[in-house]
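Enquirer: Attaching a predicted model along with its sequence, questions to come.
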Amino acid sequence: MENKYKSKKFDSVKNMPRLHHKLQNQNFDLSKSEVVEFLKNDEGTMQWVFDTFNQAGLIFYDSETKTWHGKDYGL
């Protein structure tokens, strides 16, 4: 398989250990996913999510309040 992502920020994800997305003998619950927990604690992944949403115009920075908000916030 060809290595699509060459950025070092994804090295930890490429080396993620075996984790469950759905815990055995339980109904699926995203908040209990070991995979999601791993990804949300990975700095490179979280930076990529932020950058992707920002570049897509889904979040905006308000320099007056110095806060970020969703595109449709307050509509």
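Expert: Received it, and whenever you're ready, just let me know what you need.

Enquirer: residue furthest from the geometric center of the chain?
Expert: Relative to the centre of the chain, and counting by C-alpha atoms, centre = their mean, the farthest-placed residue is residue 64 at 26.9 Å.

Enquirer: Quick check: that residue vs residue 58, distance?
Expert: Going from residue 64 to residue 58 by C-beta to C-beta, to the nearest Å gives 20 Å. In this view, the C-beta of every residue, glycine as well, is placed from N, C-alpha and C.

Enquirer: Ramachandran coordinates for residue 62?
Expert: For residue 62, the backbone dihedrals are phi -100, psi 110 (criterion: degrees, to the nearest 10).

Enquirer: That one against residue 69, yeah?
Expert: Yes - between residue 62 and residue 69 a contact is recorded at 6.4 Å, counting by C-beta atoms under 8 Å.

Enquirer: ok, which stretches of the chain are helices?
Expert: For the chain, the helices defined by DSSP state H occupy 11-14, 34-40, 43-55.

Enquirer: Run the chain-centre distance for the longest one.
Expert: Read that as helix 43-55. 7 Å (C-alpha atoms, centre = their mean, to the nearest Å).

Enquirer: before we move on, the earlier item: indicate which one of the helices of the chain is closest to residue 24.
Expert: helix 34-40 (11.0 Å; C-beta to C-beta).

Enquirer: For that closest one, buried residues please.
Expert: By neighbour count on 16 or more other C-beta atoms under 10 Å, the buried set for helix 34-40 is residue 39.
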